[in-house]
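Asker: predicted model, plus sequence, below.
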2 protein chains.
Amino acid sequence: MKKKIAIQGIRGSNHYKALTELFNEAEVEALECNTFQELVKAVVTGECEKAVMAIENSIAGSILPNYRLILDHQLQVTAEHYLNISHNLVALPGQDLTDLVQVKSHQMALHQCSNFFSNHLHIHLIEDVDTALPAKIIAEHQLRGVGALVPKGSAELFQLTTLAEDVQNNSLNETRFVVVEKQAGTSLEADKATIQFEMTHESGSLAKVLNTMAAHELNLSKIQSIPIPYDMWRYAFIVDLSFSNRLQFQKAFSEISKISINPTCIGQYKSGKS
Amino acid sequence: MKKKIAIQGIRGSNHYKALTELFNEAEVEALECNTFQELVKAVVTGECEKAVMAIENSIAGSILPNYRLILDHQLQVTAEHYLNISHNLVALPGQDLTDLVQVKSHQMALHQCSNFFSNHLHIHLIEDVDTALPAKIIAEHQLRGVGALVPKGSAELFQLTTLAEDVQNNSLNETRFVVVEKQAGTSLEADKATIQFEMTHESGSLAKVLNTMAAHELNLSKIQSIPIPYDMWRYAFIVDLSFSNRLQFQKAFSEISKISINPTCIGQYKSGKS
């Protein structure tokens, strides 16, 4: 029996593509979730052991509400994967570009392909709540004159034809996905960690934590302020750290724990960038 | 003639409510923009002098793509305003809660009201790309059986009736809006600034900048990593600082400029929290 892994969206979405790059397709099956809330619930209730969740994009930045979901449900990040984002324009077989009257997609995807569409002004762009879903609907209802944007290699999942490849403005577009689980990862290869902590209002308190990281030669790659629920406009900090030695990280984290509030290790895992 | 100010969304949206709390309604008129890109364009082209733009929410966190838009178009933050987010359920006059078959709204708004709707399971929730727009459509097409969520006090703008007030789960929900313009603000009352800078990859370089801030008694209220465009997975930092003395900030900023790359002051303004 194939192992179920939760994704946001349907087969043919970027989440699905990330799943197939992370796992052997013959061994896993996607549990399609409408929202990130549902995805997290599937892991928490034990319906799936793992979920694949987008956490940041190289153009749009971090998806902060997903950090909130991970924290609120005490999940652990056990792996990460960087997916190159490509948008292929697809439609029913037999259709060509001049037949298209409208393209339906998520606002962000339409925006990322604005240059292409400015050369095809006969196509009316319609915002949808999802990217892959319009492709599924085109196929199911055999909608002529309507196009959708799907990741490279996904047209055949919907039995649609590709009218134009890589229609995105910027080819430097990657999304970072994380695998989340209830249990912490145990990989001895871990060279990256994500931690969370809060600080007192004392001036310079964050500087002290960063000095500790530097003293232990941890490399801070990213830092985000994230609101603390029910504590209006107070923030926690989420930091990505890379290190060459796991023990070094553990030592530093124990020191950071002494000078911060509610320190939490959200995960230790192997960097997805080699 | 009323001064035009760009907002995202339509009259009756949270942006519109923020506009009316920031400015005298008798003197200003909303320029309704479909997207944040359009809103920024209206300021850049001079169609409006100012725009009101959501920048973060106390539950969902920062809207990082909006920081990107401000930076890319070299706009300045000249004011900020905190709006309490309330959701009132509205429908056509004469309808009551039991008549409703569906409620259309933005996914985030529906999620924020999940407790209310779990007590009214006969109502089917339908995701839309906007909150106020469904209210406008209900009114224009006189749609019976359909409800929408609008901010408190906005039902009359659409000539709709309020079926339930404050249906959000969490009453501690505020959105921070900023006013953006092409020119920097000149308020002598400024006690807050937003700055951006990049760092070298050298370990501990961010710690040095934070130490400088602390030495000048600037209070770091928030820090975000934001991707640098066309430089895959390198980040710039955006920091909110508060201070009691504007000269002190200027001195610190000049020192920070010496130890960072591409330092930019995105705005000096009066804090919206008294």
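Answerer: All right, it came through fine.
Asker: give me the phi and psi for residue A:135.
Answerer: When read as degrees, to the nearest 10, the backbone of residue A:135 gives phi -60, psi -40.
Asker: for the residue nearest the centre of chain A, helix, strand, or coil?
Answerer: With distances taken as CA atoms, centre = their mean, residue A:54 lies nearest the centre of chain A, 1.0 Å away. Using DSSP: H, G, I helix; E, B strand; the rest coil, the structure places residue A:54 in strand.
Asker: I figured it hits residue A:66, correct?
Answerer: Yes - using CB atoms under 8 Å, residue A:54 is in contact with residue A:66, at 7.0 Å. In short, each C-beta sits where N, CA and C put it, glycine included.
Asker: okay, domains of chain A per the record?
Answerer: Domain ranges of chain A: A:3-84+A:173-181, A:88-164, A:192-269, per automatic domain parsing.
Asker: and stretch A:15-23, which residues are buried?
Answerer: By neighbour count on 16 or more other CB atoms under 10 Å in any protein chain shown, the buried set for stretch A:15-23 is A:15-20, A:22-23.
Asker: residue A:221 belongs to a strand, doesn't it?
Answerer: Yes - looking at residue A:221 with three-state DSSP, it is inside a strand.
Asker: distance of it from residue A:191?
Answerer: In this view, residue A:221 and residue A:191 are 11 Å apart by CB to CB, to the nearest Å.
Asker: joint contacts of those two?
Answerer: Common contact partners of residue A:221 and residue A:191 (CB atoms under 8 Å, 6 or more residues apart in numbering or on different chains): residue A:242.
Asker: please enumerate the strands of the stretch 1-150 of chain A.
Answerer: A:3-8, A:28-33, A:50-57, A:61-62, A:76-84, A:88-91, A:102-106, A:124-128, A:146-150 (DSSP state E, counting those that start in this stretch).
Asker: and the ones you listed, which is most packed in?
Answerer: Of all these, strand A:146-150 carries the top mean neighbour count, a mean of 27, counting by mean count of other CB atoms under 10 Å in any protein chain shown.
Asker: chain center to the helix or strand bottoming out on mean pLDDT in chain A: distance?
Answerer: Using mean pLDDT, DSSP states H and E, the weakest-scoring helix or strand in chain A turns out to be helix A:107-112, at a mean of 86. Centre-to-centre, helix A:107-112 and its host chain are 16 Å apart (CA atoms, centre = their mean, to the nearest Å).
Asker: how about residues contacting it?
Answerer: So helix A:107-112 is contacted by A:59-60, A:85, A:87, A:103, A:117, A:125, A:127, A:131, A:149, A:168-170, A:173, B:35, B:37, B:129 (CB under 8 Å, 6+ apart).
Asker: same thing but at 7 Å, please
Answerer: Outside helix A:107-112, the residues that touch it by CB atoms under 7 Å, 6 or more residues apart in numbering or on different chains are A:60, A:87, A:125, A:127, A:131, A:149, A:168-169, A:173, B:35, B:37, B:129.
Asker: same check, this time on stretch A:129-138
Answerer: Residues from elsewhere that reach stretch A:129-138 (CB under 7 Å, 6+ apart): A:9-10, A:12-13, A:90-92, A:104-106, A:109, A:128, A:143, A:146, A:148-150, A:158, A:160, B:107, B:127, B:129.
Asker: 8 Å instead?
Answerer: Contact with stretch A:129-138 is made by A:9-14, A:16, A:90-92, A:104-106, A:109, A:128, A:143, A:146-150, A:154-155, A:158, A:160, B:107, B:127-129, as judged by CB under 8 Å, 6+ apart.
Asker: right, is stretch A:250-262 up against chain B?
Answerer: No - judged by CB under 8 Å from any CB of the partner chain, stretch A:250-262 stays clear of chain B, getting no closer than 12.0 Å.
Asker: pull out the buried positions in that stretch.
Answerer: Within stretch A:250-262, the residues scored as buried using 16+ other CB under 10 Å are A:252-253, A:256, A:260.
Asker: buried set for the least confident helix or strand of chain A?
Answerer: A:107, A:109-112.
Asker: CA atoms only: put it into PDB for me.
Answerer: C-alpha atoms of helix A:107-112 as PDB (Å, rounded to 0.1, in the frame of the first residue of the first chain):
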ATOM      1  CA  GLN A 107      -3.300  36.100  -8.900                       C
ATOM      2  CA  MET A 108       0.400  35.400  -8.100                       C
ATOM      3  CA  ALA A 109       0.800  33.100 -11.100                       C
ATOM      4  CA  LEU A 110      -0.900  35.500 -13.500                       C
ATOM      5  CA  HIS A 111       1.300  38.300 -12.100                       C
ATOM      6  CA  GLN A 112       4.500  36.100 -12.600                       C
END
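Asker: the closest residue to residue A:144 other than its chain neighbours: what's it in contact with?
Answerer: Beyond its immediate neighbours in the sequence, the residue positioned closest to residue A:144 (CB to CB, 6 or more residues apart in numbering or on different chains) is residue A:92, lying 6.0 Å away. Neighbouring residues of residue A:92 by CB under 8 Å, 6+ apart: A:138-139, A:142-144, A:160-161.
Asker: please list only the buried members of these.
Answerer: Buried members of the contacts of residue A:92, scored by 16+ other CB under 10 Å, are A:138-139, A:143, A:160.
Asker: so of these, which ones are in helices?
Answerer: Using DSSP state H, the subset of the buried ones among the contacts of residue A:92 located in helices is A:138-139.
Asker: may I ask which two of the buried ones among the contacts of residue A:92 are separated the most?
Answerer: A:143 and A:160 (10.5 Å; CB to CB).
Asker: how about the residues of the stretch 101-250 of chain A by chain B?
Answerer: For the stretch 101-250 of chain A, the contact set with chain B under CB under 8 Å from any CB comprises A:107, A:111, A:127-129, A:170, A:172, A:174, A:201, A:203-204, A:206-207, A:210-211, A:213-214, A:217-227, A:229-230, A:232-233, A:235, A:237.
Asker: got a ChimeraX select line for the buried ones in those residues?
Answerer: The buried subset of these, as determined by 16+ other CB under 10 Å, is captured in ChimeraX by this line:
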select /A:107,111,127,128,129,174,204,206,207,210,211,213,214,218,219,220,221,222,223,224,225,226,227,235,237
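Asker: just the residues of the stretch 101-250 of chain A next to chain B: which are in helices?
Answerer: In helices, defined here by DSSP H, the members of those are A:107, A:111, A:206-207, A:210-211, A:213-214.
Asker: format the domains of chain A as JSON lines; extra columns: distance to residue B:81.
Answerer: Formatted as JSON lines, these follow (distance: least, CB to CB, whole Å):
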{"stretch": "domain A:3-84+A:173-181", "distance to residue B:81": "21"}
{"stretch": "domain A:88-164", "distance to residue B:81": "25"}
{"stretch": "domain A:192-269", "distance to residue B:81": "13"}
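Asker: and of these, who's closest to residue B:121?
Answerer: Residue B:121 lies closest, by CB to CB, to one member of the domains of chain A: domain A:3-84+A:173-181, at 17.0 Å.
Asker: from start to finish, how long is that closest one in a straight line?
Answerer: Terminal residues of domain A:3-84+A:173-181 are spaced 14 Å apart (CA to CA, to the nearest Å).
Asker: chain center to it, what's the gap?
Answerer: Distance of domain A:3-84+A:173-181 from the chain centroid (CA atoms, centre = their mean) equals 6 Å.
Asker: still on that earlier bit, redo the strands of the stretch 1-150 of chain A as CSV? Include distance to residue A:273 and mean pLDDT.
Answerer: Putting those into CSV (distance: least, CB to CB, whole Å; pLDDT from 0 to 100) gives the following:
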stretch, distance to residue A:273, mean pLDDT
strand A:3-8, 22, 96
strand A:28-33, 23, 96
strand A:50-57, 13, 96
strand A:61-62, 16, 92
strand A:76-84, 7, 97
strand A:88-91, 25, 97
strand A:102-106, 26, 94
strand A:124-128, 32, 91
strand A:146-150, 26, 96
